[in-house]
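> Here's a sequence, model it:
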Amino acid sequence: MRTFAFVTALLLLAGCQQSPQPQAPPTATQTPPAPPAGPPAVAANQGAQPPPPPRTFSKDQQEFKTGAMDKTREEVHANYGKPDELGEWGAAAGWDGPVSIYHGPFTSADGMEKKNARVYFRQGKAASVEFVNQ
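Residues are numbered from 1 along each chain as shown. Take a look at the predicted model:
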């Protein structure tokens with residue numbers, strides 16, 4: 001019985017105690033809210049290069065082929081801009097050497113369109129130009 005009375009007394013004492021009131025921090029130490037950040041696009045584009053101008057080379061298959069043949073890779077890139085894809089293909093791909101791929105569409109004299117022009121280089125000069133839909 002004594003144990004019961006002792007536990008009850010402890011519980012009453014614990015329940016009668018007031019919990020401390022939370023204190024708000026002094027206003028002098030509060031920091032003001034951060035200013036809203038500017039749009040991310042503005043911050044990301046600072047110091048960035050402007051987008052390259054659109055290419056203006058001929059989309060006629062024959063004119064493109066004539067302009068690229070027997071030129072070095074650097075000359076082709078100077079005339080037509082940086083290619084959309086660069087490749088260094090092995091014999092397993094059907095061509096052993098560098099390839100520059102330009103996205104079109106390229107149109108032939110009979111009105112047939114092809115999506116891409118592949119310029120194949122051998123011994124430093126353009127050896128072949130192929131128009132494909134791949």
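
> residues near residue 65, how many?
As a burial measure, residue 65 scores 18 neighbours (other C-beta atoms under 10 Å). Quick note: C-beta positions are derived from backbone N, CA and C, even for glycine.

> Buried residues in the host helix or strand of it, which are they?
Take DSSP states H and E as the rule and residue 65 turns out to sit in helix 61-68. For helix 61-68, a neighbour-count test (16 or more other C-beta atoms under 10 Å) marks 61, 64-65, 67-68 as buried.

> got the CA positions of it in PDB?
Provided in PDB are the C-alpha atoms of helix 61-68 (Å, rounded to 0.1, in the frame of the first residue of the first chain):
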ATOM      1  CA  GLN A  61      22.100  17.700-102.400                       C
ATOM      2  CA  GLN A  62      24.100  18.400-105.600                       C
ATOM      3  CA  GLU A  63      25.300  21.800-104.500                       C
ATOM      4  CA  PHE A  64      26.200  20.500-101.000                       C
ATOM      5  CA  LYS A  65      28.200  17.600-102.500                       C
ATOM      6  CA  THR A  66      30.000  19.800-105.000                       C
ATOM      7  CA  GLY A  67      30.900  22.300-102.200                       C
ATOM      8  CA  ALA A  68      32.300  19.600 -99.900                       C
END
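
> what sits up against it?
57-58, 76, 79-80, 102, 106-109, 114, 117, 119, 126, 129, 131 (C-beta atoms under 8 Å, 6 or more residues apart in numbering).

> Please apply the same query to stretch 114-133.
The contact list for stretch 114-133 (C-beta under 8 Å, 6+ apart) reads 61, 64-65, 68-73, 76, 83-84, 95, 97-106, 108, 134.

> Could you tell me which of those residues belong to helices?
Per DSSP state H, helices hold the following members of the contacts of stretch 114-133: 61, 64-65, 68, 73, 76.

> Going by distance to residue 7, which of these wins?
Of all the ones in helices among the contacts of stretch 114-133, residue 7 sits closest to residue 73, with 91.9 Å by C-beta to C-beta.

> so that closest one makes contact with residue 100?
Yes: using C-beta atoms under 8 Å, residue 73 makes contact with residue 100 at a distance of 6.5 Å.

> The two: which has the busier surroundings?
Comparing residue 73 with residue 100 by other C-beta under 10 Å, the one with more neighbours is residue 100, at 22 against 18.
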